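>>> Return atomic coordinates for the entry below.
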Amino acid sequence: MSAAGEKNLTPMEVSLVHHVNHRGRKKKLADICFVLNIEDTHVVSYALKKLVKMGYVVSEKVGKEVFFATSDAGEALCERYRQVREQCLIEALVESGTPNEEIGRTAQLLRVLSGLYDQAARAGASL
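Next up, the predicted model:
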């Protein structure tokens, strides 16, 4: 994230700001934890409070639920990071000679395998 201009974020905070920014929708703490597969909501809550304090995330209380969304500064940070990441990825793809379609198929397979692994881990934990 330092290449995008922010040097003070932990890896967890980077993941959180990207997930909160994803699809431009407000998200609840429980949903964020579920998608990122983080069981300790206190860790996520603390990191989100830090991101709110830094101005990258905003929170809104609706009833008993708190919803999180990226601020304009958070969206801009994610966009700068996306540009840096894309530039690095394109350079690596050109050097590797791997067709884009093959990379897409591989990414899809990795998502499926990751889901199966998570499912097996949950099943194993309940034995």
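>>> Can you pull the poorly scored residue ranges out of this protein?
Applying pLDDT under 70 to the chain flags residues 1, 4.
>>> And it, what are its domain boundaries?
The chain breaks down by automatic domain parsing into domains covering 2-96, 98-127.
>>> How far off centre is the longest one?
How far domain 2-96 lies from its chain's middle: 5 Å, per C-alpha atoms, centre = their mean, to the nearest Å.
>>> just the shortest one next, same as before
Centroid separation for domain 98-127 versus its chain: 17 Å, with C-alpha atoms, centre = their mean.
>>> need the helices for the protein, in chain order.
11-21, 29-36, 41-54, 72-96, 100-125 (DSSP state H).
>>> okay, those helices, which one's buried deepest?
When you average the neighbours per residue for each of the helices of the chain (mean count of other C-beta atoms under 10 Å), helix 11-21 leads with a mean of 19. Yep, even glycine has a C-beta here, placed from its N, CA and C like the rest.
>>> Which neighbouring elements make contact with it?
helix 29-36, helix 41-54, strand 57-62, strand 65-70, helix 72-96 (3 or more C-beta pairs under 8 Å, 6 or more residues apart in numbering; DSSP states H and E).
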